[in-house]
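# Provide a 3D model corresponding to the input given below.
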Amino acid sequence: MRSFSRPSLRDSRQDYAGPGTWFLTIKCFRAAWMFGDVIGQEMHLNEVGLIARRLLLEIPKHFEHAFIDEFMVMPNHVHLILALRWRDPKLSPAEDCERKFGRPVPGTVSTIINAYKGAVTKAACRLVGEKLDIWQSGFVDTLIRSRQMLEHKRAYIRNNPANWGKRLRRRVTQNRNAPLPTILPGQTVARNPPLRVDSLV
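Numbers count the residues shown, from 1 in each chain. The predicted structure follows:
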């Protein structure tokens, strides 16, 4: 019997267990606008977007070697800079940093992001009372190799809402049947805290 598997998006030459700093993009399923809208060059989060933001900030509580620098929850994706300050002590030196036969490896970038995506999905489904397909499989990663690259990615993330309209002139209409919570009247969104990983690059 033939078997089929999706090729990994990870670079086999990189150590995804850390230490290291990555620029990551996590996309929504079928590019659906799950997290809110950009209005006047500012991101306005709906209730699902607020969940995505809150749980992103809670990552270091569950993975003490992880650190969140700049981030932005956009209508249909999340950008973040994730730093791993040391290798997770639960990960043995002989263990590869990629999945082996589907087994998650503790403390790696993939394990952290998959845990985050699962937590967001669970909380959002509980909010709306039914199943939601929130995330596209996998994520896109770039290893940050210099301070110049770090500053470039920070600026890209900060300017994402302002550049949103330049890249996207019409709303995505896919996945229309998904129940998207609306922005509540008078709802405000706190600014991203000034987290930095200057000492890590």
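# Just list whatever residues bridge to the closest residue to Y156 other than its chain neighbours.
Distance criterion CB to CB, 6 or more residues apart in numbering; nearest residue to Y156, sequence neighbours excluded, is H79 at 7.5 Å. For the C-beta atoms, the positions are set from N, CA and C on the backbone; glycine is no exception. H79 forms beta bridges with T25, M72, as assigned by DSSP bridges.
# Go ahead and confirm Y116 touches R53.
No - here Y116 lies out of contact with R53, judged by CB atoms under 8 Å, at a distance of 11.3 Å.
# Check the residue nearest to Y156 and give its pLDDT.
The model reports H79 with a pLDDT of 98.
# ok, which stretches of this structure are helices?
Counting by DSSP state H, the chain has helices at residues 47-57, 59-62, 109-128, 147-158, 160-167.
# looking at those helices, which is buried most?
Ranked by average neighbour count under the criterion mean count of other CB atoms under 10 Å, the helices of the chain are headed by helix 47-57 at a mean of 21.
# for it, packing partners?
Contact analysis of helix 47-57 by 3 or more CB pairs under 8 Å, 6 or more residues apart in numbering; DSSP states H and E lists strand 42-45, strand 66-73, strand 77-84, helix 109-128 as its packing neighbours.
# if we go to 10 Å?
strand 36-39, strand 42-45, strand 66-73, strand 77-84, helix 109-128 (3 or more CB pairs under 10 Å, 6 or more residues apart in numbering; DSSP states H and E).
# Would you tell me which of the ones you listed gets closest to I144?
Between I144 and these, the shortest separation by CB to CB is 7.0 Å, and it involves strand 77-84.
# so that closest one versus strand 66-73, what angle?
With axes from the mean of the first three to the mean of the last three CA atoms, to 10 degrees defining the directions, strand 77-84 sits at 160 degrees from strand 66-73.
# Can I get strand 77-84 in PDB? Just the C-alpha atoms.
Provided in PDB are the C-alpha atoms of strand 77-84 (Å, rounded to 0.1, in the frame of the first residue of the first chain):
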ATOM      1  CA  HIS A  77      -2.200  35.600  10.000                       C
ATOM      2  CA  VAL A  78       0.100  36.200  12.900                       C
ATOM      3  CA  HIS A  79       3.700  37.500  12.700                       C
ATOM      4  CA  LEU A  80       6.100  37.100  15.600                       C
ATOM      5  CA  ILE A  81       9.700  36.900  16.500                       C
ATOM      6  CA  LEU A  82      10.300  33.900  18.700                       C
ATOM      7  CA  ALA A  83      13.600  33.500  20.600                       C
ATOM      8  CA  LEU A  84      14.700  30.300  22.300                       C
END
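# which helices and strands does that strand pack with?
strand 20-27, helix 47-57, helix 59-62, strand 66-73, helix 109-128, strand 140-143, helix 147-158.
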